[in-house]
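Chemist: Provided below are the primary sequence and the corresponding predicted coordinates.
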Amino acid sequence: MHKARITYRVSPSLWLDAGHFDELLAELEANRDGFDDVALFTAFTHSPVSLDTLRRRCETLPARLAALRARGFGAGINLLCAVGFFPENLDDIPAGIPFFTYLDGSENHGSFCHTSEVYRREYLTPMLDMLARTGPDFLWLDDDNRGHCFCDRCLALFRAETGLSHTRDTLRQAFQSGNRAEQTALRRQFLDFAGRSLTDHYALAARTVHSVNPAIELGGMDIMGNGWDNADFAAWSRALAGAENTPVRWRPGGGTYTDREPDEFILRKGMWFGLDAAWMPDTLTDRRSEVENFTYQRLKKSRHATALEGCVYNAFGMTGVAWNVLDGADDLEIYRPLMHTLTRVRPFLDAQVEADGVIQPRGIWNGWTPAIAAGINFDADWGRHDLARPFNPHASELFVAGLGAAFHPEAAEATILNSVTAWTLDDAAIERILTRGLYCDVETLQLLTARGFGRHLGFRAGELVARDARERLTAHPLNGSGAGHCRDCRQSFNRTPVWALEPLGDGAETLAELIDYADRTVAPCTLGIFRNELGGRVAVGGYFPLTELSFAYKIGQMKRLFDFLSGGTLSGWVASYHRIAVVFRPGAVSLVNASLDPAEGVELCWRTPELAAELLGMYGDSHRLTGERQTGGSVRFRLPELAPWHAYLLRAGTGPLTCMTSAGAKSGK
């Protein structure tokens, strides 16, 4: 791949009316360097519309698609909705089709059961046939394709497939009964069943559409990894490709409609997109992130924040963007400055994809697998419908303070496990981690010890410290000049348990102790490291192990600690004290200054054979850099000032990036 793939998704209010559509065409012409194709929404509500409504809209679609193609744009359809999302526009929902059912027996009257024969025969098949005959280049299915329905039919299919005899009530009880290993195993069975049922749904969609025209590309959508299914992107994309192996598009989505909390671009949505990309097959290279400004009120998200989102998601593994930013509620001129900005950032999006954009990031892996939902929520009703998404183990301060994340075990240079992720990994996976580098909290230490790995961990849990205490760094080489400095996180404020650690044997080393406010020792060890007989390295933290890490000496310690855990192979880190998110690939580093302050004096350590590099900014600025080789194999680059909440790309070597010199770089200025 040499360029990003960019789509505009267009509300019916902009294409159903001829006058509005002509205005849209004029704006698209003015910004033609900024995108590749246009997806026309079939609806503007998140529940299935009647076939009569859709039939009336299909009368207009062929002319609109033809007009887009005549101007050199790809032209397709965004089906909203294939299955349904939530109760909305209930007056237009087809009658007589079974609804999606939650584990407690309640129904979502804005969503159908995707396995229902009535749904397939009387709604999905005629709807897709009708849309395919309008002549689209592509047809994207959303919102929200999901497999985890608990209706009577789905439960019967689950029983037939597994040989189990559960009713809805007994299944609900079994998800919470027995030991955690038994619960996890049953939950995984259901997640796999749900994923396979979704594969069948996509396969039927492909057969229906391709019977009209096998060249129509189908697209799928997931929301935050479809955690209540099994995230089987390989099976889903094969099903959508159909018998002719037609190219498939994918679009992860979900929320972030304003720029009130820009951290969500990185720590929530960006990390999830990284997980999605890492678990997609290599053949699924068309991954367009969903950037949404719904409900399209321009004052709720700035032009810059919208453009930044696309850059962030490309950094984490997407290969393009589906901009969902336009609506007819206001005059199109309200959106004109936004479209110009998105055109202006297009060359940077292309450069990101050109510079190793499809290669997995390397760094610290948090143990996420497609089975993550099986390991969560043991103290409540698993699968309850108000728990919309499974726990995101990547939401950590580490990844906005200069350390890079990995999203797959094969890309892991070190691993963080918690009690959720540890439960979803089998013994062989745990042992592989212990031959490399592991960081964990005390709850995970206890869990792994109970599973028989205690001899490889170097510590056991000591006293649970209820009263306020501070962490004081010891005179250990990994603490650098931070020896004697304290981190005060205050259990009384944060209600977080704090543990003392008991070293097991001479090989365990202490990096931090606990002291009270009178500087008296409460526990001689609360953070330690251990080299085990498997050749691996382990660190266990008992004091706020993954939060409140932004003290300068502490985050410096963590960077040295994770390089130690990696065996000196960590791809890189921001060596200076800045709030910067980084994503490391062999030939390029993506950076986001995740602060409202300009980042001055940034120093980046990167293990690369190259001393020369070029730093590209998201709006076309560039700087040639020369690094300095460091002890340990890294190269230290001193970066120019990084603007607040801006994205950058550091590319190794001195060759030109063709995408940054394209005509599109001039657009919108």
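Modeler: Yep, that arrived.

Chemist: which stretches of the stretch 1-150 of the chain have low pLDDT?
Modeler: Across the stretch 1-150 of the chain, residues meeting the criterion (pLDDT under 70) sit at 1.

Chemist: Which stretches in it count as strands?
Modeler: Remark: strands assigned in the stretch 1-150 of the chain by DSSP state E, counting those that start in this stretch are 5-10, 37-41, 74-80, 99-101, 107-112, 138-142.

Chemist: Equivalent analysis for the stretch 151-300 of the chain, please.
Modeler: Assigned by DSSP E, counting those that start in this stretch, the strands in the stretch 151-300 of the chain fall at 217-223, 248-253, 288-292.

Chemist: how about those in TSV, adding mean neighbour count, mean pLDDT and distance to residue 399?
Modeler: Heads up, the C-betas are built off the backbone N, CA and C, glycines and all. As requested, the strands of the stretch 151-300 of the chain are exported to TSV (neighbours: other Cβ atoms under 10 Å; pLDDT from 0 to 100; distance: least, Cβ to Cβ, whole Å):
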stretch	mean neighbour count	mean pLDDT	distance to residue 399
strand 217-223	23	93	21
strand 248-253	25	94	18
strand 288-292	26	96	18
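
Chemist: These into CSV, with extra columns for distance to residue 597?
Modeler: CSV is the format used below for the strands of the stretch 151-300 of the chain (distance: least, Cβ to Cβ, whole Å):
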stretch, distance to residue 597
strand 217-223, 33
strand 248-253, 30
strand 288-292, 25
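
Chemist: Please identify which of the strands of the stretch 1-150 of the chain is closest to residue 280.
Modeler: Closest approach to residue 280 among the strands of the stretch 1-150 of the chain is made by strand 5-10 (14.5 Å; Cβ to Cβ).

Chemist: Could you export the closest one as PDB, CA atoms only?
Modeler: These are the backbone C-alpha positions of strand 5-10, laid out as PDB (Å, rounded to 0.1, in the frame of the first residue of the first chain):
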ATOM      1  CA  ARG A   5      -8.000   5.100   1.500                       C
ATOM      2  CA  ILE A   6     -10.400   7.800   2.300                       C
ATOM      3  CA  THR A   7     -14.200   7.900   2.200                       C
ATOM      4  CA  TYR A   8     -16.800  10.600   2.900                       C
ATOM      5  CA  ARG A   9     -20.000   9.100   4.400                       C
ATOM      6  CA  VAL A  10     -23.000  11.300   3.400                       C
END
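
Chemist: Okay, angle between it and strand 288-292 too, please.
Modeler: Following axes from the mean of the first three to the mean of the last three Cα atoms, to 10 degrees, one obtains 30 degrees for the angle between strand 5-10 and strand 288-292.

Chemist: what is the mean pLDDT for the strand or helix carrying residue 530?
Modeler: Assessed by DSSP states H and E, residue 530 sits inside strand 521-531. Mean pLDDT, computed over strand 521-531, is 97.

Chemist: re the thing from before, who wins for proximity to residue 258 among the strands of the stretch 1-150 of the chain?
Modeler: The nearest among the strands of the stretch 1-150 of the chain, by Cβ to Cβ, is strand 5-10 at 18.1 Å.

Chemist: Identify all contacting residues around the closest one.
Modeler: 24, 28, 34-41, 78, 286, 288, 319-326, 346, 349 (Cβ atoms under 8 Å, 6 or more residues apart in numbering).

Chemist: for stretch 200-213, same thing?
Modeler: For stretch 200-213, contacts defined as Cβ under 8 Å, 6+ apart pick out 82-83, 114-115, 120, 124-125, 128-129, 131-133, 135, 139, 141, 145, 147, 216, 218, 220, 236, 239-244, 246.

Chemist: just how off-centre is the lengthiest helix in the chain within its chain?
Modeler: Determined from DSSP state H, the single longest helix within the chain is helix 180-212. Relative to the centre of its chain, helix 180-212 is centred 21 Å away, using Cα atoms, centre = their mean, to the nearest Å.

Chemist: about what we covered before: will you turn the strands of the stretch 1-150 of the chain into CSV that also has distance to residue 482?
Modeler: Output for the strands of the stretch 1-150 of the chain, formatted as CSV (distance: least, Cβ to Cβ, whole Å):
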stretch, distance to residue 482
strand 5-10, 45
strand 37-41, 52
strand 74-80, 52
strand 99-101, 53
strand 107-112, 52
strand 138-142, 49
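
Chemist: Out of the ones you listed, which gets nearest to residue 315?
Modeler: strand 5-10 (15.7 Å).

Chemist: In contact with the residue lying closest to residue 69 once chain neighbours are set aside, which residues?
Modeler: Distances taken as Cβ to Cβ, 6 or more residues apart in numbering place residue 75 nearest to residue 69, at 4.9 Å, with adjacent residues excluded. The neighbours of residue 75, taking Cβ under 8 Å, 6+ apart as the test, are 37-38, 40, 64-66, 68-69, 136-137.

Chemist: rerun at 10 Å
Modeler: 37-40, 61, 64-69, 134-138 (Cβ atoms under 10 Å, 6 or more residues apart in numbering).

Chemist: and if you look at residue 146?
Modeler: Taking Cβ under 10 Å, 6+ apart as the test, what residue 146 contacts is 83-85, 100, 111, 114, 194-195, 197-198, 201, 222-223, 226-229.

Chemist: From these, keep the buried residues only.
Modeler: Those of the contacts of residue 146 that meet the buried threshold are 83-85, 100, 111, 114, 194-195, 197-198, 201, 222-223, 226-229, by 16 or more other Cβ atoms under 10 Å.

Chemist: So the most centrally placed residue in the chain versus residue 227, what's the distance?
Modeler: Nearest residue to the geometric centre of the chain (Cα atoms, centre = their mean): residue 272, 1.3 Å. Using Cβ to Cβ, to the nearest Å, we find residue 272 at a distance of 9 Å from residue 227.

Chemist: re earlier: out of the strands of the stretch 151-300 of the chain, flag the one nearest residue 370.
Modeler: Residue 370 sits nearest to strand 217-223 of all the strands of the stretch 151-300 of the chain, at 10.9 Å, using Cβ to Cβ.

Chemist: tell me the angle of the closest one relative to strand 37-41?
Modeler: 70 degrees.

Chemist: what lines up beside strand 217-223 in the sheet?
Modeler: strand 138-142 (parallel), strand 248-253 (parallel) (DSSP bridges).

Chemist: Dump these to JSON lines, plus distance to residue 412.
Modeler: Output for the strands paired with strand 217-223, formatted as JSON lines (distance: least, Cβ to Cβ, whole Å):
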{"stretch": "strand 138-142", "distance to residue 412": "31"}
{"stretch": "strand 248-253", "distance to residue 412": "21"}
